[in-house]
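A.B. asks: A predicted structure for the sequence below; I have some questions about it.
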Amino acid sequence: MPFLASIDRDGVTIAYRFRPGVGPTVVFLPGYMSDMSGSKAEALDAWAEARGRGFVRLDYSGCGASGGEFADGTISRWSGDALAVIEAVAPGPLVLVGSSMGAWIALRIALERPAQVAAVVTIAGAPDFTDWGLDLTAADHAALTRDGFVERPSLYGAPYRYHAGLVADGVRARVLAPEIAIDCPVRLLHGQADPDVPWRLSINVAERIRSSNVHVNLIKDGDHRLSRPQDLALLCATIDALEA
């Protein structure tokens with residue numbers, strides 16, 4: 001496993017692991033309340049080691065081994081964290097792999113850095129989830145003002161907190177325009193048994209992306225995490241096929 005390294009971004013330590021190698025560097029972007037130690041990141045690291053490929057993964061500020069407060073996290077801030085790590089260790093061509101919320105960040109980076117991004121792969125992609133995923137009521141808006149956050153039940157443990165800064169920034173960070181001006185190859189993987197993000201969202205994203213080289217792969221019995229051995233094998237094979 002590559003050693004744990006870090007950079008300083010505006011006084012906050014951003015932790016990452018970098019495996020140098022040939023070809024476009026694969027960048028793994030975790031989901032909400034996730035970090036770089038999950039099974040998808042580990043599977044991609046093993047894949048990169050076996051093929052001599054460059055691979056980088058990171059923890060957003062307030063997450064995992066990074067410094068900062070999770071409550072301060074927003075899509076714009078976490079996108080900036082990812083870009084800071086990329087600029088430090090992997091400024092060349094990139095294959096962005098975004099899981100759930102990480103897909104939102106991957107699409108933002110692809111829009112901002114089209115000359116750098118060779119391809120995008122999303123896993124149960126959840127772009128603009130603060131718009132469609134929270135279903136905020138008047139009481140929720142009052143709680144955001146009063147408490148600074150709202151909570152939603154989670155299938156993965158304690159309720160998830162969504163902070164006021166994240167919700168406000170989500171409006172500014174939207175990517176689901178009628179046309180998503182991305183021209184590189186894009187692959188969207190989504191489980192049709194996903195209880196968190198509707199699989200039809202990936203089809204919606206595919207329809208909006210400007211590139212003609214866009215494939216959607218639906219896994220009928222796949223859940224949100226897509227972390228079973230067969231799911232991880234599909235993820236790695238998807239990147240292999242992009243390279244071919």
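C.D. replies: Perfect, I can see it now. Residues are numbered from 1 along each chain as shown.
A.B. asks: switch to C-alpha atoms for all contacts and neighbour counts from now on
C.D. replies: Noted.
A.B. asks: tell me the SS of the residue positioned nearest the centre of the chain?
C.D. replies: For the chain, the residue sitting closest to the mean C-alpha position, by C-alpha atoms, centre = their mean, is Gly102 at 1.1 Å. What DSSP: H, G, I helix; E, B strand; the rest coil gives for Gly102 is helix.
A.B. asks: ok, now which ones touch it?
C.D. replies: Contacts of Gly102 were listed using C-alpha atoms under 8 Å, 6 or more residues apart in numbering, and they are 29-32, 122, 125-126.
A.B. asks: want to throw those residues into CSV with neighbour count, secondary structure and pLDDT?
C.D. replies: Formatted as CSV, the contacts of Gly102 follow (neighbours: other C-alpha atoms under 10 Å; DSSP: H, G, I helix; E, B strand; the rest coil; pLDDT from 0 to 100):
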residue, neighbour count, secondary structure, pLDDT
Leu29, 30, strand, 98
Pro30, 27, coil, 98
Gly31, 22, coil, 98
Tyr32, 16, coil, 97
Thr122, 28, strand, 99
Gly125, 29, coil, 98
Ala126, 27, coil, 98
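A.B. asks: between which two of these is the distance greatest?
C.D. replies: Greatest spatial distance in those: Tyr32 and Thr122, 14.0 Å, computed using C-alpha to C-alpha.
A.B. asks: check what pLDDT Asp140 gets.
C.D. replies: Looking at Asp140, its pLDDT reads 97.
A.B. asks: can you give me every residue that contacts it?
C.D. replies: Contacts of Asp140 were listed using C-alpha under 8 Å, 6+ apart, and they are Val150.
A.B. asks: great, nothing more from me.
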